[in-house]
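Colleague: make a model of this:
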Amino acid sequence: MISDMKEFNTLIFQKTEDGVGLVTMNRPEQLNATNIEMIEDFDEIFKGLSNDDSIRVLIITGKGRGFSAGADIKDAVTHKDSDAFSNPETFIRTIQERYASLILGLRKIPQPVIAAVNGPAAGGGFCMALASDIRLACPKAYFVASFINIGLSGGELGSSYLLPRLIGLSRTADILYTGRKVWADEAEKIGLVSKVVPEEDLIETAISYARMMLAKSTGGLKLTKRVLDQNIDAPSLDAAINLENRNQTIMVFSKEFFNLVGAFAKES
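Modeller: As a prediction, the model looks like this:
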């Protein structure tokens, strides 16, 4: 179980109210760029959340004027002569797969994740937003798949998997090939974010979404996240429905179903 308030070297975790956890990336001078230390801090939070039903929804945001600028490029340049860059096998193991574990970690924790994008979300920061379940943004926020701009492939940290499933292949190609900025208003128009709200209302709006989820059952939220993850690649409608049937049967035989359906019936 993770404590109600904990400050890491690169992150701040706090329980804003019962059931809601807020992670604030805390490297504002670097636009909350990710480094290995931040990934290790996220690892600790994910480990705590994996077995903690007291936190049922997680919100992620950035401190200062940005959400996250992605990987800390200055850090990479500083260490370009280190062992990590000595050969491809070492690099993929110690750097590439390590950064990618952050995206996988967001998808593996049982809690739905809300990204409250308070400014630029670039590179890996963009991918963190993509890996979240719901994205909210303020007007000054923008998204950029910056990998192609620094000599890399546009497919990075799940972008080539997650983005076309959110906005379609044609729009994804536009964004990944060009490396251009997608401002909040366009992001809302194409379905990349659910809502654009004033910056001062961003966290409260995210919490309001979390409160709607908290009215649902714990198991229902967990199984919904899992069915969305798995059925987006279901080989057939039959396979998708079989998984849904399994999940619904599990929930029918839980105490939560009869408590909530009874209350729903009284209101109807």
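
Colleague: now do the same contact list for the closest residue to Gly191 other than its chain neighbours.
Modeller: Closest residue in space to Gly191, ignoring its immediate chain neighbours: Ile167 at 5.6 Å, by C-beta to C-beta, 6 or more residues apart in numbering. For the C-beta atoms, the positions are set from N, CA and C on the backbone; glycine is no exception. Residues in contact with Ile167 (C-beta atoms under 8 Å, 6 or more residues apart in numbering) are Ile190, Gly191, Leu192.

Colleague: what pLDDT does the first one get?
Modeller: We have a pLDDT of 98 for Ile190.

Colleague: based on its surroundings, how many neighbours for it?
Modeller: By other C-beta atoms under 10 Å, 15 other residues sit near Ile190.

Colleague: wait, doesn't it sit right on Arg171?
Modeller: Yes - between Ile190 and Arg171 there is a contact at 5.6 Å, judged by C-beta atoms under 8 Å.

Colleague: in a helix, Leu136, correct?
Modeller: No - the assignment for Leu136, made by DSSP: H, G, I helix; E, B strand; the rest coil, is strand rather than a helix.

Colleague: can you name the residues bridging to it?
Modeller: When bridges are called by DSSP bridges, Leu136 pairs up with Ala116, Lys195.

Colleague: doesn't Ala206 make contact with it?
Modeller: Yes - judged on C-beta under 8 Å, Leu136 makes contact with Ala206 at a distance of 5.6 Å.

Colleague: so what sits against both of the two?
Modeller: In contact with both Leu136 and Ala206: Ile114, Ala116, using C-beta under 8 Å, 6+ apart.

Colleague: so who does Leu163 touch?
Modeller: Neighbour list for Leu163: Leu130, Ala145, Thr172, Ile175, Leu176 [criterion: C-beta under 8 Å, 6+ apart].

Colleague: quick one: the helix or strand hosting the last one to chain centroid distance?
Modeller: This means Leu176. Assigned by DSSP states H and E, Leu176 belongs to helix 169-178. On the basis of C-alpha atoms, centre = their mean, to the nearest Å, helix 169-178 sits 20 Å off its chain's mean C-alpha point.

Colleague: check stretch 63-77 too.
Modeller: 16 Å.

Colleague: over to stretch 90-109?
Modeller: Distance, centroid of stretch 90-109 to centroid of chain: 14 Å (C-alpha atoms, centre = their mean).

Colleague: check which residues of it are buried.
Modeller: Neighbour-count burial for stretch 90-109 flags Ile95, Tyr99, Ala100, Ser101, Leu102, Ile103, Gly105, Leu106, Arg107, Ile109 (criterion: 16 or more other C-beta atoms under 10 Å).

Colleague: same question, stretch 124-142
Modeller: 124-138, 141-142.

Colleague: distance check, Pro164 against Leu260.
Modeller: Distance of Pro164 to Leu260, computed by C-beta to C-beta, to the nearest Å: 35 Å.
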